[in-house]
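[1] Fold the following and give me the result.
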Amino acid sequence: MIIIKKAALYIRVSTHHQIDRDSLPFQRQELINYSKYLLGIDDYEIFEDAGYSGKNMDRPAFQDMMARIRQGEFTHLLVWKIDRISRNLKDFTEMYEEIKKYGVTFISKNEQFDTSSAMGEAMLKIILVFAELERKLTAERVSSIMLSRAEKGLWNGAQCPLGYKWDDEKKFPVPDEEEAKVVQFIYDKYEELRSAFQVMKILNTNNIKTKRGGTWTSKTVVDIIRNPFYKGTYRYNYRESARGKKKDKSEWIIVDDNHEAIISKEQWERCNKIMDFNASRNTALLRKNTHTHIFSGLVKCKKCGRGFNAALDQPRSDGYRPSIYRCQGKSRALGCDAKMVSEITLGPFVINYLANLSKAQQKLTKKHNLKDLEKILLSGKTFKNIAGIETKGLESIYISILYSNLDNVLIDMPKNKDVKKENISEMEILKKEKEKYERAIDRLQNLYLFSEESMSEKDFLLQKHKLKNKIDDINKKLHELHEEHSNQVAYNDISFLQKASHFMISNELLNKKTIDYKNMVMTIDKKLIKDFINTVIDKVIVDDGKVSSICFKNGLTHKFIYRDKDI
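    Numbers count the residues shown, from 1 in each chain. As a prediction, this is how the structure comes out:
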């Protein structure tokens with residue numbers, strides 16, 4: 001039996017600097033030559049991720065390639081160096097074990113590893129262990145150097161805080177005259193009003209922008225008040241990451257009177273004492289969050305269909321006092337035995353799911369399938385106990401997002417009872433046919449331009465014209481089928497996702513892997529959060545103290561399937 005070979009050529013560079021240095025074209029040509037002349041494989045496809053780090057596998061071209069490997073499309077995977085796949089030993093090993101299951105040979109041109117042999121596979125695993133060790137040793141060396149520099153009061157590289165600009169001579173931020181006025185204004189207003197929320201409103205009303213040109217949130221105001229940099233103190237090694245949790249105080253590096261201050265030490269201390277006092281009460285003066293129940297009127301009981309009454313729970317040690325919701329059928333002795341549900345459960349679930357929906361709208365393309373969408377929607381620790389989303393709701397949002405993202409572009413439709421299966425099959429056949437003719441044009445052009453026994457210009461143009469006519473005919477048929485599908489498939493208005501994205505972006509939440517709901521409600525006005533949720537969600541159905549499904553304003557419903565049992 002003749003085995004048809006096809007190679008996937010994967011290329012990645014981490015930074016735009018590398019892209020500018022022609023790293024991508026170089027890798028591309030080297031792998032093409034290796035495939036054609038050393039392996040004898042002319043059938044190949046190139047997957048490129050430009051400007052993506054190798055710290056994880058969350059890269060669009062890589063994920064697309066892996067999805068097609070799982071479908072049995074490729075026999076070989078070629079890379080320039082093994083670290084193009086991943087710099088993480090665990091991720092690479094998992095990827096390698098997976099492609100082995102599909103009979104795919106892994107080849108790294110630079111290290112000359114070919115896993116079609118036992119020796120090649122053994123050497124690959126050995127080099128991976130040492131590559132991981134080197135990466136960790138390098139990270140430790142860099143960390144030690146940066147800690148040493150910080151102890152001397154030297155800048156370790158980051159965006160200058162608002163109010164400062166970079167000075168090439170001092171190699172350290174110095175006050176920026178105009179921005180420093182904004183910082184002074186923030187401290188003065190906070191000391192006067194004693195509320196980060198009120199200061200935020202004044203800044204946005206007066207169209208004063210943040211360092212990055214965005215709008216202000218309570219959190220950004222709080223960050224400026226809390227930052228000792230403004231009183232001349234250099235603080236380093238304070239958090240695990242830029243927005244991570246605080247490290248133990250013993251690990252902090254504090255250098256007092258290190259640089260020119262914008263705010264006096266006395267004013268900094270006064271403002272921070274006000275903030276400490278407000279935090280202990282879980283409210284700031286002039287903020288009206290005390291009895292705002294964010295999910296009031298939205299929570300419905302799956303068992304009896306009645307609404308839930310809201311009340312305040314006991315305050316936590318940090319001052320946070322969540323709402324609790326009880327079924328009216330139980331509280332009125334109407335026989336319902338539904339469990340109470342807390343804001344501690346509802347809040348993180350709903351907010352993170354809306355954030356994931358916004359991310360899905362940005363990321364989803366016709367190359368993704370329903371499983372890809374489900375993975376995006378259930379990403380983050382909040383959904384670790386959920387096995388999946390009911391297919392009907394998932395298909396609806398899949399179709400709706402693709403229709404909203406793509407204009408006159410044929411999409412890969414999921415199986416749906418409202419769509420004719422024979423038409424879907426015909427569309428897939430036509431698309432593959434079109435790709436075949438497009439590849440033929442590329443090869444014809446390469447033959448004409450680079451072959452020593454080149455064809456005449458006349459023959460080239462005639463052949464190219466014939467192929468283009470074929471593609472035009474296919475496009476016409478695809479357009480007709482696309483029009484037919486547009487009439488067959490009803491898709492939902494998902495403009496509510498724009499509102500969700502706007503809220504997440506304006507409050508600097510969308511770039512977070514998991515949103516800290518408690519921190520959010522303690523820094524953003526609860527009424528703003530409540531109003532936002534009421535514009536996008538019709539009801540949240542709960543069962544056994546868990547979110548069973550979310551019904552959106554546009555009619556879409558997403559039902560969640562839990563790992564322990566369906567609810």
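[2] Need phi/psi at the residue nearest to P60 when sequence neighbours are not counted.
    Computed as CB to CB, 6 or more residues apart in numbering, the closest residue to P60 that is not its neighbour in sequence is D49, at 6.8 Å. For every residue, glycine as well, the C-beta is placed using N, CA and C. When quoted as degrees, to the nearest 10, the phi and psi of D49 stand at phi -120, psi 100.
[3] where does the nearest residue to E390 once chain neighbours are set aside land in three-state SS?
    Distances taken as CB to CB, 6+ apart place K559 nearest to E390, at 3.9 Å, with adjacent residues excluded. When classified by DSSP: H, G, I helix; E, B strand; the rest coil, K559 comes out as strand.
[4] what number of residues lie near K559?
    By other CB atoms under 10 Å, the residues close to K559 number 19.
[5] residues touching it, list them.
    389-390, 393, 548-549 (CB atoms under 8 Å, 6 or more residues apart in numbering).
[6] Likewise for F308?
    299-301, 325-328, 341, 542.
[7] SS state for it?
    Secondary structure, three-state DSSP: F308 is strand.
[8] what does the model give it for pLDDT?
    F308 carries a pLDDT value of 92.
[9] so where is the stretch 451-567 of the chain shaky, pLDDT-wise?
    Applying pLDDT under 70 to the stretch 451-567 of the chain flags residues 451-455, 481-511, 564-567.
[10] Now do the helices in it.
    In order along the chain, the stretch 451-567 of the chain carries the following helices (DSSP state H, counting those that start in this stretch): 457-488, 496-506, 517-523, 526-536.
[11] Give me the next element, helix or strand, following the lowest-mean-pLDDT helix or strand in the chain.
    Ranking every helix and strand in the chain by mean pLDDT, DSSP states H and E puts helix 16-20 at the bottom, with a mean of 43. Where DSSP states H and E defines the elements, the next helix or strand beyond helix 16-20 is helix 23-33.
[12] Let me know the average pLDDT across that next one.
    85.
[13] mind giving me the domain ranges of this structure?
    7-138, 164-281, 290-408+495-567, 421-488 (automatic domain parsing).
[14] in the stretch 201-350 of the chain, which spans are strands?
    For the stretch 201-350 of the chain, the strands defined by DSSP state E, counting those that start in this stretch occupy 234-236, 253-255, 299-301, 308-312, 323-327, 341-342.
[15] between these, which one is nearest to I263?
    Set against I263 and scored by CB to CB, the strands of the stretch 201-350 of the chain come closest in strand 234-236, at 14.5 Å.
[16] Quick check: neighbours of that closest one in the sheet, parallel or antiparallel?
    Using DSSP bridges, strand 234-236 pairs in its sheet with strand 253-255 (antiparallel).
[17] ok, and for the strand it pairs with, which residues are buried?
    Neighbour-count burial for strand 253-255 flags 253, 255 (criterion: 16 or more other CB atoms under 10 Å).
[18] which other residues reach it?
    Defining contact as CB under 8 Å, 6+ apart, one finds that strand 253-255 is touched by 147, 150-151, 153, 228, 233-237.
[19] And for stretch 542-555?
    Defining contact as CB under 8 Å, 6+ apart, one finds that stretch 542-555 is touched by 299-303, 308, 325, 338-342, 345-346, 349-350, 353, 390, 393, 492-496, 535-541, 557-560, 562, 567.
[20] neighbours of E97, just the number please.
    Count around E97 with other CB under 10 Å applied: 9.
[21] Same question for S296.
    Per other CB under 10 Å, the neighbour tally for S296 reads 17.
[22] just the one 4 residues further on next, same as before
    Neighbouring residues of K300 were enumerated by other CB under 10 Å; the total is 20.
[23] ok, now how distant is it from A158?
    Per CB to CB, to the nearest Å, K300 is found 47 Å from A158.
[24] any chance you could map the helices in the stretch 1-150 of the chain?
    Along the stretch 1-150 of the chain, counting by DSSP H, counting those that start in this stretch, helices occupy 16-20, 23-33, 60-70, 89-101, 118-151.
[25] and among these, the most buried is which?
    helix 60-70 (a mean of 18; mean count of other CB atoms under 10 Å).
[26] Alpha carbons of that one, in PDB - could you do that?
    This file holds the C-alpha atoms of helix 60-70, laid out as PDB (Å, rounded to 0.1, in the frame of the first residue of the first chain):
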ATOM      1  CA  PRO A  60      -3.600  30.300  16.500                       C
ATOM      2  CA  ALA A  61      -1.600  28.700  13.700                       C
ATOM      3  CA  PHE A  62      -0.200  26.000  16.100                       C
ATOM      4  CA  GLN A  63      -3.700  25.200  17.300                       C
ATOM      5  CA  ASP A  64      -5.000  25.000  13.700                       C
ATOM      6  CA  MET A  65      -2.100  22.700  12.800                       C
ATOM      7  CA  MET A  66      -2.800  20.400  15.800                       C
ATOM      8  CA  ALA A  67      -6.500  20.200  14.900                       C
ATOM      9  CA  ARG A  68      -5.600  19.000  11.400                       C
ATOM     10  CA  ILE A  69      -3.000  16.500  12.700                       C
ATOM     11  CA  ARG A  70      -5.800  15.000  14.800                       C
END
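[27] relative orientation of that helix and helix 89-101 in degrees?
    Angle of helix 60-70 versus helix 89-101, following axes from the mean of the first three to the mean of the last three CA atoms, to 10 degrees, is 30 degrees.
[28] follow-up on the earlier one: scan the contacts of strand 253-255 and report the most crowded one.
    Most surrounded of the contacts of strand 253-255: other CB under 10 Å gives Y234, at 22 neighbours.
[29] what residue ranges in the stretch 1-150 of the chain are flagged as low confidence?
    Across the stretch 1-150 of the chain (using pLDDT under 70), the flagged ranges come out as 1-3, 15-23, 89, 113, 124, 127-128, 131-132, 135.
[30] Kindly report the same for the stretch 201-350 of the chain.
    For the stretch 201-350 of the chain, applying pLDDT under 70 flags the ranges 240-244, 281-290, 318, 331-333.
[31] Please, where are all the helices along it?
    Counting by DSSP H, counting those that start in this stretch, the helices of the stretch 201-350 of the chain are 218-226, 265-281, 328-331, 343-363.
[32] E251: which of these is closest?
    Nearest to E251 among the helices of the stretch 201-350 of the chain is helix 218-226 (18.1 Å), distances taken as CB to CB.
[33] mind listing what's buried in the closest one?
    Buried residues in helix 218-226, counted by 16+ other CB under 10 Å: 218-222, 224-225.
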